[in-house]
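Engineer: okay, here's the prediction I keep looking at, along with the sequence it came from:
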Amino acid sequence: MVEYSGIKEIIKPVNLVYKKSEIMTENTLSYCPGCGHGTAHRILAEIIGEEGLQSEAIGVSPVGCSVFMYNYLNIDWQEAAHGRAPAVATAIKRLLPEKFVFTYQGDGDLAAIGTAETIHACNRGENILIIFINNGIYGMTGGQMAPTTLPGMKSSTSPYGRDVRTMGYPLKITDIVATLPGSYYVTRQSVHTAANVKKTKKAIRKAVQYQKLNKGTCLVEIVSNCPSGWKMTPVQANKWMEENMFPYYPLGDLKTPEE
Amino acid sequence: MERELRLMKGNEAVAEAAIRAGVDGYFGYPITPQTEIIEYLMEANPAETTGMVVLQAESEVAAINMVYGGAACGKRVMTSSSSPGISLKQEGITYIAGAELPCLIVNVVRGGPGLGTIQPAQSDYFQATKGGGHGDYHLIVLAPASVQEMADFVDLSFELAFRYRNPVMMLSDGAIGQMMEKVYLSPQKERSKTVPEWATTGKPSTRERNIITSLDLDPNRQEVFNQKLIDKYNEIREKEVRFEEFQVDDAEYILVAYGTSARVCQKSVQLARSQGIKAGLLRPITLFPFPTQRINELAGHVKGMLSVEMSAGQMVEDVLLSVNGKVPVYHFGRMGGIVTTPEEVVEVLKSKFIGG
């Protein structure tokens, strides 16, 4: 058995190789164990810190599980109505063109109620970054069917599984955005393994740098999990995500700037 | 500098006044009878002169959320629409009220419900003065009765909006928006460089982060916030009531009317007096706050009041509350896009109060 004093020996500045990003606040994250939101937040916080963007960044948080994102990153924030974040971000960027403006939205927010705002902001080529967390379910309201819920997938509003004949098909909105002339960089990533976290961080850093060029909208989709909504353990959820979500939402770049 | 004299539509006057007032951004969506506002702004292209942003949004819903985003940056931003479009904007308006953001919303009212008509009406009094969207809130509501006032109220709206951190609605109608009158335009003002302390402009190391939100899940804190809003509205009720009176001193009957109806009723007062009926007019300029106290005072020395509105009777409810039973109060108004005539008003006045 390890003595308590032993831990104190280990926690010394000299041994610190991994620490909280200075952009993360002291607030406790409200997310369920195993949820990808915390990792995605951290990646964004690290990049804002590393790129020296704290005084430049204005974030727009959505309605959904990440509604309280403004409590977690120590930057200026606006909380948007459900689905309207791209419209809100449009005005911020137009009025403060030198700032780094991003939205952080879930699938219900971005691909259902906010479809018009998403498509049109991207089609106008607004110079904003959209971070899109796709976990195929409404998490905050307790596991209802999302526009991205897979065929046959059970939720509280598709208790017998999503029947595409009556409930429609999962919407690949990121693919649609990639076809728009206004989008500049569109990619789909995940944060469920260390390797994927690295890739996602690379993608978001690229998007942050691209949006400084004022060449159009950057959208980074993160296919993520929802252990609570899917009624699985975190490990089961990640496995299910790999086996079911990734075939429908394949990871990788959908649109990269032409050199 | 001299004020410039021009002949303009009310809609054009709002647009030109917005540029001259140093507005930072306009976000709109076309709808009759107010589309001249965005057309005028697009043609004037103030991005090249004052740096004002003018953007045609994909919907009224998007436009009002752009107003939210711009206002939260501390900028002077506005939108305009007409009744069905204002209904769509109500979601955004309640968020703006809940986040205590200053902005201007121009409503050039047309008849309803539904698509209704494109002709002038005053049937949006309820959705303008009683909140409009969900939750307990009020807009400050200004009612212009001329092209000149449509121009002048732009600057006044922003002054009030920023003083109280509250959205302001200019409640016009299709007649004032479309008619041409002479208008004196103020000289060009520079866009404000002042950044309010609450604005989200990127967090410098010198201050805490700013968060613009209308969300608080703690019932006790939310109630404290609701009370704060009520206190603000009460302060507005106390300090910002505006109205105009016409021949009320010796009046036995008071017409209460705003906007286009007030223009009609001014004529009705003259007509009634030519027939020996001592009529007067009270024109509320602010509909919220409503001139409750003044109407109550006047009710003490008259025989009755007639609320004249191009609606089924909306403002009359506030007149009744103000009069508080002292004298009889009636409503008269045409609907469907029909503008009341001065003669009709006098006939109703006679039939309600004098008989015959």
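Structural biologist: The structure has been received and is ready for your questions. Numbering: from 1, shown residues only, chains lettered A, B, ... in the order given.
Engineer: what residues does the stretch 101-250 of chain B put near chain A?
Structural biologist: Contact residues (C-beta under 8 Å from any C-beta of the partner chain) of the stretch 101-250 of chain B with chain A: B:200-205, B:209-215. C-beta coordinates here come from the backbone N, C-alpha and C atoms, glycine included.
Engineer: just the closest of these to B:Glu2, please.
Structural biologist: B:Thr201 (35.7 Å; C-beta to C-beta).
Engineer: A:Ile176: neighbouring residues, count only.
Structural biologist: Neighbours of A:Ile176 under the rule other C-beta atoms under 10 Å in any protein chain shown: 18.
Engineer: that one belongs to a strand?
Structural biologist: No: going by DSSP: H, G, I helix; E, B strand; the rest coil, the assignment for A:Ile176 is helix, not a strand.
Engineer: do you know how far it is from B:Tyr253?
Structural biologist: 63 Å (C-beta to C-beta, to the nearest Å).
Engineer: run a quick neighbour tally on B:Ala251.
Structural biologist: The number of residues packed around B:Ala251, counting by other C-beta under 10 Å, is 24.
Engineer: correct me, but it touches B:Ile277?
Structural biologist: No: at 9.5 Å, B:Ala251 does not count as touching B:Ile277 under the criterion of C-beta atoms under 8 Å.
Engineer: B:Cys265 - that's part of a strand, no?
Structural biologist: No: secondary structure of B:Cys265 (three-state DSSP): helix, not part of a strand.
Engineer: A:Ser21 versus that one, what's the distance?
Structural biologist: Counting by C-beta to C-beta, the gap from B:Cys265 to A:Ser21 is 65 Å.
Engineer: what of B:Asp136?
Structural biologist: Distance of B:Asp136 to A:Ser21, given as C-beta to C-beta: 39 Å.
Engineer: looking at the two, which is more packed in?
Structural biologist: More crowded of B:Asp136 and A:Ser21, by other C-beta under 10 Å: A:Ser21, with 17 against 12.
Engineer: so the closest residue to the more buried one other than its chain neighbours is in which element?
Structural biologist: Nearest non-adjacent residue to A:Ser21, counting by C-beta to C-beta, 6 or more residues apart in numbering or on different chains: A:Ala45, 4.1 Å away. Element membership for A:Ala45, per DSSP states H and E: helix A:37-50.
Engineer: ok, residues contacting the following helix or strand past that helix?
Structural biologist: Using DSSP H and E, the helix or strand that follows helix A:37-50 in sequence is strand A:57-61. Outside of strand A:57-61, the residues within contact range by C-beta atoms under 8 Å, 6 or more residues apart in numbering or on different chains are A:48, A:67-70, A:73, A:75-80, A:85, A:88-89, A:92, A:96, A:99-104, B:69, B:73, B:200-203.
Engineer: before we move on, what about stretch A:197-205?
Structural biologist: Under the contact criterion C-beta under 8 Å, 6+ apart, stretch A:197-205 has outside partners A:39-40, A:43-44, A:46-47, A:50-51, A:129, A:131, A:187, A:189-191, A:220, A:222, A:253.
Engineer: what do you get if the cut-off is 6 Å, keeping everything else the same?
Structural biologist: By C-beta atoms under 6 Å, 6 or more residues apart in numbering or on different chains, the list of residues contacting stretch A:197-205 from outside reads A:43, A:47, A:187, A:189, A:191, A:220.
Engineer: the host helix or strand of the third one pairs with which strands, parallel or anti?
Structural biologist: Secondary structure assigned from DSSP H and E places A:Thr187 in strand A:183-190. Sheet pairing of strand A:183-190 (DSSP bridges) gives strand A:217-223 (parallel), strand A:252-255 (antiparallel).
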